[in-house]
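>>> sharing a model that was predicted from the sequence below.
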Amino acid sequence: MKKHLLNIILLCFLLAMVACGRNVQHASEADFQEAQIQYDSGFVLSSQDSLLAAFPHFIRVAEKLEYVPDDMTAEDMLLASRAYYQMAHIFGSKMENNAEIDALRWALNYQKAINDTVWMARTGWMLASAFETVKENDSAQFHLNQSIPYLDTVSDNVWDYIGARNLLSSLYFDNNQIDSCLQVQREIIAFKVRRGIDSKGDSVCMGMNLFFSGRKAEAKPYLLKILDMERDDVEKGVVMSLLAQVYEEDQNADSSAFCQSFQTSYVQAESERVSDGLLAVKQYEQYKTERDARLAGLRAQKATQKAKVLHFVYVVVALLLLAAIAFVIYHRRYRRRMNQEHEVIRRDLQEARGTLEAKALETLFIKAEAIYNDRFNNKAKRILEVFEEAYPDALVRLKVAHPDLNETELDVCVLSYFPFRMKEIADILDLRENTISKYRSNIKKKTQVDSFEVLWRQFVG
């Protein structure tokens, strides 16, 4: 019965596992291969600064791979996180910071799920930088602190280190800690110079911080580094507009006019950037709506499936409990019936054995009485022989248990087993009745028993 119950339990768990494994939806091998192709195409376009053309490719990567995270493989999450990171990079270049933050969050969630440490460091400080741009400094500081342990593990990546340090300088600037901000920027420039890395962009950044902190005269040599750099019209236009203000205060009209000449291309480039950014955000928002609806449907499907499995398990457990209760009741009744039958058999056997023992004892007493009534001598010896024949080892065991009993006392013990009176025992042993009484008293003291019946109960089975 127990074996059958165990088999039923195993069968139920197998069925539950099969039910849990059904209807799981995830990216197929073909979908993954298509997503990889789309990512590679988007990455090539992005590296060629065709950001708007690259963006739809990264959207299609996410479309192919994204399901309920529990159903996605590590490879799916890895590639999906890269696609969101690239989308965030495009949003950041178009100054669409809210969309950038959202995309970076999705990338970071996937990276955390697969413990992608290197990219967790990079995405973490980029997310912090995006929050700093929109002046949510508490969130920026939080994500920067979160990324620092991972940055320590990938310290060989200098660009992650530099990016995190730049962010720290921006946070100092936002908190009006200008000296600390400038100190960090000097450290970054020195770090790059030691490694032969171009630091003109950091000098320009330092000049902008000096300008906005009111130290415009100090800012000019740093801002002028923009002329030695290849930058898009937006970045160059912003810096040149700051230089124009510096030259106006210096009353240098020619230099101011030269700087203002960049305004036309700057305005046109800024207009194109805003237009491209809005278009990318529109595509992203449309995908987000479709994605969220699809994931909600999948989660509802999994919840329904899980509820069915739980219902099935509850029913099985209830049936198993009922079966176990029925088994226990049946087993108890069976044991009770068997115990009753065994008790009846035991009583019958005991009664039969008692009857046999009584008949054997009666026969023994008859033999002893016959010897006593015989006219021949040696009655004691012959009665002892009858006793030893009936109980071969009883007298030996008595001697071992009580070695202080002498031969006469042993004879008195044996004769006292039979229903002989004191006078008859004295007659058999040819002793006086008072002497027999003394022997019996001594025997009881030595054996510490109250009666010979109790004494012999230990040795006669």
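Looks like it came in fine.

>>> do you know how far Glu369 is from Glu75?
Glu369 sits 105 Å away from Glu75, going by C-beta to C-beta, to the nearest Å. Placement of C-beta: from N, CA and C, glycine included.

>>> ok, Ile443 touching Val412?
Yes: Ile443 lies in contact with Val412 (C-beta atoms under 8 Å); the separation is 6.3 Å.

>>> can you pull the contacts of Glu132?
Residues near Glu132 by C-beta atoms under 8 Å, 6 or more residues apart in numbering: Ala140, Leu167, Ser170, Leu171, Asp174.

>>> measure the closest residue to Thr133 other than its chain neighbours to Lys302 for me?
Nearest residue to Thr133, sequence neighbours excluded (C-beta to C-beta, 6 or more residues apart in numbering): Asn97, at 5.0 Å. As judged by C-beta to C-beta, Asn97 and Lys302 stand 34 Å apart.

>>> and these two? Which one has more around it.
Neighbour count, other C-beta atoms under 10 Å: between Asn97 and Lys302, Asn97 has more, with 20 against 17.

>>> can you give me the helices for the stretch 1-150 of the chain?
Assigned by DSSP state H, counting those that start in this stretch, the helices in the stretch 1-150 of the chain fall at 2-21, 29-47, 51-65, 74-93, 97-113, 117-133, 137-153.

>>> tell me the most buried of the ones you listed?
Of these, the one with the most neighbours on average (mean count of other C-beta atoms under 10 Å) is helix 117-133, at a mean of 24.

>>> ranges for the helices of the stretch 251-400 of the chain?
253-260, 263-373, 379-390, 394-401.

>>> what's the most buried one of those helices?
Compared across the helices of the stretch 251-400 of the chain, helix 379-390 shows the largest average neighbour count, a mean of 17 (mean count of other C-beta under 10 Å).

>>> helices or strands up against it?
Counting by 3 or more C-beta pairs under 8 Å, 6 or more residues apart in numbering; DSSP states H and E, the packing neighbours recorded for helix 379-390 are helix 263-373, helix 394-401, helix 407-417, helix 422-429.

>>> so how far is it off the chain centroid?
82 Å (C-alpha atoms, centre = their mean, to the nearest Å).

>>> contacting residues around it?
360, 364, 367-368, 371-372, 394-395, 411, 414-415, 417-418, 428-429.

>>> among the residues you listed, which one sits closest to Asp160?
Set against Asp160, the nearest of these by C-beta to C-beta is Ala394 (99.2 Å).

>>> dihedrals phi and psi, the closest residue to the closest one other than its chain neighbours?
Nearest non-adjacent residue to Ala394, counting by C-beta to C-beta, 6+ apart: Phe459, 4.4 Å away. Main-chain dihedrals, Phe459, degrees, to the nearest 10: phi -120, psi -10.

>>> now do Ile197
phi -100, psi 140.

>>> show me what contacts it?
Shown in contact with Ile197 (C-beta under 8 Å, 6+ apart): Val158.

>>> related to what we said a few turns ago, higher neighbour count, Ile443 and Val412?
Neighbours per residue (other C-beta under 10 Å) separate Ile443 from Val412, with Val412 holding more: 26 against 21.

>>> circling back to that earlier point, my guess is the residue nearest to Thr133 contacts Leu104, does it?
No: shown here, Asn97 and Leu104 do not form a contact pair, counting by C-beta under 8 Å, at 10.1 Å.

>>> what touches both of the two?
What both Asn97 and Leu104 touch, as defined by C-beta under 8 Å, 6+ apart, is the set Ala130.

>>> look up how far Pro221 lies from Met206.
Met206 is 10 Å from Pro221, where distance means C-beta to C-beta.

>>> between the two, who's got more neighbours?
Met206 (24 against 11).

>>> just want the most central residue of the protein.
By C-alpha atoms, centre = their mean, the chain has its centre lying nearest to Ala113, at 15.2 Å.

>>> measure Ala390 to Tyr417 for me?
From Ala390 to Tyr417 the distance is 10 Å (C-beta to C-beta).

>>> nope, Ile114 is what I was after
Distance of Ile114 to Tyr417, given as C-beta to C-beta: 92 Å.

>>> next: Asn442.
17 Å.

>>> neighbour count: these two, which is higher?
Neighbours per residue, other C-beta under 10 Å: of Asn442 and Tyr417, the larger number sits with Tyr417, 22 against 16.

>>> confidence-wise, which helix or strand of the protein is lowest on average?
helix 2-21 (a mean of 54; mean pLDDT, DSSP states H and E).

>>> low-confidence ranges, the stretch 151-300 of the chain, go.
Along the stretch 151-300 of the chain, the model assigns pLDDT under 70 to residues 151-157, 231-234, 263-276.
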